[in-house]
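Participant: Starting from these lines, generate the structure:
(one chain, ligands or ions: 1)
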Amino acid sequence: MVIASKDKGGLDPKKPVVLAQAGIHAGEIDGKDAGLMLLRDITQRGKDGLLDQVNFLFVPVFNADGHENSSPYSRPNQRGPEIQGFRTTAQNLNLNRDYAKLDAPEMQAMLGLINRYDPDLYLDLHVTDGTDYVHDITFAFQGWNGRYARSPKSGEWLDQRLRPALEAALSANGHFPSPYLDAVDGDAPEKGFNIGADTARFSTGFGDLRRMPTVLVETHSLKPYRQRVLGTYVLLEATLRAAAASGDALNAARAADRTLRKDRVVLSWKPLKAPIDSFAFRPIQRETWRSEASGRDEVRWTGRPGPVIQAPVFGSEPDVVVDAPAAYWVPAHKAEVIDRLRRHGVRMETVTEPRTVEVEVTRLVAPKSPAAIEGRFPLSAQDYVAERRTVTYAPGSVRVSTDQPLGELASILLEPRSPDSYLAWGFFPEILQRTEYMEGYVIAPLADRMLEADPKLAAEFRAKVAADPAFAADADARLRWFYEKTPFYDRRYLIYPVGRETRR
Ligand SMILES: [Zn+2]
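Facilitator: Model (predicted):
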């Protein structure tokens, strides 16, 4: 990382800190060259005034191993540079899916940097593939047209202060900026684009949760490398100027967002079917041709601009929303999860004596683990049922209060139904295993005594035998039915052990 600053003896806390990071996907390396050009011009060609009111942190290559894993064959959909790095790390992890779970040492280091310097603005520099269009540089953040920002004041600053400054500077320098373009149909972009809420695994979703205004920048893979680098350069310079010009407003926005305490937390989003907005889209014309290899008509982008169209924008709406608890309790034996929370900078109280608390734990109903992604076997369940329990947490367990600036982030990481929780990422596989059992010669006499002693239980059992022939014919299932009702049954089986201390 380069620290570009005029401050001597430490960074002046009154100046905004802008962190720009290139090469999270190392084949998308425009930002490295653009940032180094800008640093050259700051140090040697008279642009040092950019640092009068701003401090600039620059990470030229975030995914260093991916950058060294280079070849002319890494980015088949991209024009230049000639030799390109690879998207994922040596561990084959996509860093732009790792912001919540923090598996990669690279991401753990980045969190260390973020905790240390507390950037006021975070730029994540990429190159996008896919559909061709005139726009050569696109960008995204939570808060576009006032939507989706969990940190509303920061979102407003990005939308009303930064965005117009970037659009003006890019247009004045011959570029064609637009919102980040995720086409509904890549072969027919006139059908519209998705501009929805980003989740915590992505830089933009994560930065929003962290109360750290974050911008995704994507130059377009089919534009010449020179044009892409120059566009990124203009964007970086304009960002430094905007942060300098309205640094006080940026500070105030972040401070306001950090005082937010939410009673309800949106855990996930679902797409909306009807468009919510539109914008002026500049298409590239296309034609189709018959491929012998595919046996169908394939798209060919002609390179000729078409007339500007108002393209529809599709958004998202909250899906799963929960009440925020007062705190979460993470048992001491989940040291890995406690470590990740600490790396995030989440504040917690570590108990040194056993502490007995009434909490809500979660029973997973019909859990399933889909195919491995991002080095993990994720876990989801058909249903999640809350159970009140009195739990004694051993020394080393932590209480994570939601009454803190990162309280909403803690909910996203710890709520069982959050798609970016440690449960969902597969950090709790041990709860899928039931350990103890009862031999038939132990449970059968006990079960018969239970039938004699409890008429209500007996009636329930006989009704089930009558109604369910498969059950009636399965002796083991019948005995298991009783076993599950005894205190010998494994109380931890299928229980997500992170407790929710609910509000009184
Ligand atoms: Zn990328």
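
Participant: Apart from its chain neighbours, what residue comes closest to Phe281?
Facilitator: Ala311 (3.7 Å; Cβ to Cβ, 6 or more residues apart in numbering). Bear in mind the C-beta positions are built from the backbone N, C-alpha and C, glycine included.

Participant: partners of the one you found in the sheet?
Facilitator: Judged by DSSP bridges, the bridge partners of Ala311 are Phe279.

Participant: Let me see the domain layout of this structure.
Facilitator: Residue ranges for the structural domains of the chain, counted by automatic domain parsing, are given in the record as 2-260+273-314, 323-434, 440-483.

Participant: need the contact list for Ala372.
Facilitator: By Cβ atoms under 8 Å, 6 or more residues apart in numbering, the contact list for Ala372 reads Pro378.

Participant: Residue most distant from the centroid, the protein?
Facilitator: Of all residues in the chain, Glu452 sits farthest from the chain's C-alpha centroid, using Cα atoms, centre = their mean; the distance is 54.9 Å.

Participant: what is the mean pLDDT for the host helix or strand of that residue?
Facilitator: Mapping Glu452 onto the secondary structure by DSSP states H and E places it in helix 440-453. Averaging pLDDT along helix 440-453 yields 96.

Participant: And stretch 143-156, by the same measure?
Facilitator: For stretch 143-156, the mean per-residue pLDDT is 97.

Participant: on that earlier part again, mind checking which of the domains of the chain is nearest Val498?
Facilitator: domain 323-434 (5.3 Å; Cβ to Cβ).

Participant: Now find how far off-centre the closest one is within its chain.
Facilitator: Its chain's average C-alpha position is 17 Å from that of domain 323-434, according to Cα atoms, centre = their mean, to the nearest Å.

Participant: So which bits of stretch 371-386 are buried?
Facilitator: Of the residues in stretch 371-386, those buried under the neighbour-count criterion (16 or more other Cβ atoms under 10 Å) are Glu374, Gly375, Arg376, Pro378, Leu379, Ser380, Ala381, Tyr384.

Participant: ok, now stretch 251-268?
Facilitator: Of all the residues in stretch 251-268, those buried under the rule 16+ other Cβ under 10 Å are Asn251, Ala253, Arg254, Asp257, Val265, Val266, Leu267, Ser268.

Participant: Check for me that the third one belongs to a strand.
Facilitator: No - using DSSP: H, G, I helix; E, B strand; the rest coil, the assignment for Arg254 is helix, not a strand.

Participant: oh, and call the first residue 27 from now on, that's how I've got it
Facilitator: Let's use 27 as the start, then, which means that last one is Arg280.

Participant: What separation do you get for it and the ion?
Facilitator: The spacing between Arg280 and the ion, counted by Cβ to the ion, to the nearest Å, is 26 Å.

Participant: in terms of contact, does that residue touch Asp234 like I think?
Facilitator: No - using Cβ atoms under 8 Å, Arg280 is not in contact with Asp234; the gap is 11.6 Å.

Participant: Overlap in contacts, those two.
Facilitator: Shared contacts of Arg280 and Asp234, counting by Cβ under 8 Å, 6+ apart, come down to Ser177, Ser180.

Participant: quick one on the thing from earlier: in contact with the residue nearest to Phe307, which residues?
Facilitator: Ala337 neighbours (Cβ under 8 Å, 6+ apart): Pro215, Glu216, Gly218, Phe219, Ser304, Phe305, Ala306, Phe307.

Participant: Redo these as TSV? Include pLDDT.
Facilitator: Below are the contacts of Ala337 laid out as TSV (pLDDT from 0 to 100):
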residue	pLDDT
Pro215	93
Glu216	93
Gly218	96
Phe219	96
Ser304	95
Phe305	94
Ala306	95
Phe307	97
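
Participant: and the closest residue to Gln104 other than its chain neighbours, how many neighbours?
Facilitator: Using Cβ to Cβ, 6+ apart and skipping the chain neighbours, the partner closest in space to Gln104 is Ser247 (3.9 Å). Each residue near Ser247 was counted by other Cβ atoms under 10 Å, and the total is 22.

Participant: Now do the contacts for Ser247.
Facilitator: Arg101, Asn103, Gln104, Arg105, Val153, Thr154, Asp155, Gly156.

Participant: Restricted to buried residues, select those in ChimeraX.
Facilitator: Those of the contacts of Ser247 that count as buried under 16+ other Cβ under 10 Å are selected in ChimeraX with:
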select :101,104,153,154,155
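
Participant: Now the closest residue to the ion within the stretch 177-326 of the chain: which helix or strand?
Facilitator: Across the stretch 177-326 of the chain, no residue is closer to the ion than Glu244, which sits at 7.0 Å (Cβ to the ion). Secondary structure assigned from DSSP H and E places Glu244 in strand 240-246.

Participant: Ala407 too?
Facilitator: Using DSSP H and E, Ala407 sits within strand 406-419.

Participant: Who does that strand pair with, and is each partner parallel or antiparallel?
Facilitator: Applying DSSP bridges to the sheet, strand 406-419 is found paired with strand 381-394 (antiparallel).

Participant: residues in contact with the strand it pairs with?
Facilitator: Contact with strand 381-394 is made by 351, 355, 405-419, 423, 425, 442, 457-458, 520-528, as judged by Cβ under 8 Å, 6+ apart.

Participant: Which positions within that strand qualify as buried?
Facilitator: When burial is assessed from 16+ other Cβ under 10 Å, strand 381-394 yields the following buried residues: Val383, Val385, Glu386, Val387, Thr388, Arg389, Leu390, Pro393.

Participant: Format the CA atom coordinates belonging to that strand as CSV.
Facilitator: What follows is the C-alpha trace of strand 381-394 in CSV, where atoms were taken according to Å, rounded to 0.1, in the frame of the first residue of the first chain:
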residue,chain,number,x,y,z
ARG,A,381,-22.7,-16.8,32.6
THR,A,382,-26.3,-18.1,32.6
VAL,A,383,-28.5,-16.3,30.2
GLU,A,384,-32.0,-16.8,28.8
VAL,A,385,-31.6,-16.7,25.0
GLU,A,386,-33.3,-17.8,21.8
VAL,A,387,-31.4,-20.5,19.9
THR,A,388,-32.5,-21.8,16.5
ARG,A,389,-33.5,-25.3,15.5
LEU,A,390,-32.8,-26.1,11.8
VAL,A,391,-35.5,-28.0,10.1
ALA,A,392,-34.5,-30.1,7.1
PRO,A,393,-31.0,-28.6,6.7
LYS,A,394,-29.3,-29.0,3.3
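
Participant: residue contacts, the residue of the stretch 277-426 of the chain found nearest the ion?
Facilitator: With Cβ to the ion as the measure, the residue in the stretch 277-426 of the chain that lies nearest the ion is Glu400; the distance is 14.6 Å. Under the criterion of Cβ under 8 Å, 6+ apart, the contact partners of Glu400 comprise Leu119, Asn120, Arg123, Asp124, Lys127, Asp129.

Participant: who touches the fourth one in this structure?
Facilitator: Just to be clear, that refers to Asp124. Under the criterion of Cβ under 8 Å, 6+ apart, the contact list for Asp124 reads Ala130, Met133, Arg227, Glu400.

Participant: Return the residues in contact with the residue lying closest to Thr461 once chain neighbours are set aside.
Facilitator: What sits nearest to Thr461 in space, not counting adjacent residues and going by Cβ to Cβ, 6+ apart, is Asp516, at 5.6 Å. Contacts were defined as Cβ under 8 Å, 6+ apart; by that measure Asp516 touches Arg460, Thr461, Glu462.

Participant: Now list the buried members of the residues you listed.
Facilitator: The neighbour count (16+ other Cβ under 10 Å) marks nothing among the contacts of Asp516 as buried.

Participant: need the strands for the stretch 77-226 of the chain, in chain order.
Facilitator: 81-85, 147-154, 163-166, 203-205, 219-220 (DSSP state E, counting those that start in this stretch).

Participant: Ser342 and Gly231: what is the separation?
Facilitator: Relative to Gly231, Ser342 is positioned 12 Å away (Cβ to Cβ, to the nearest Å).
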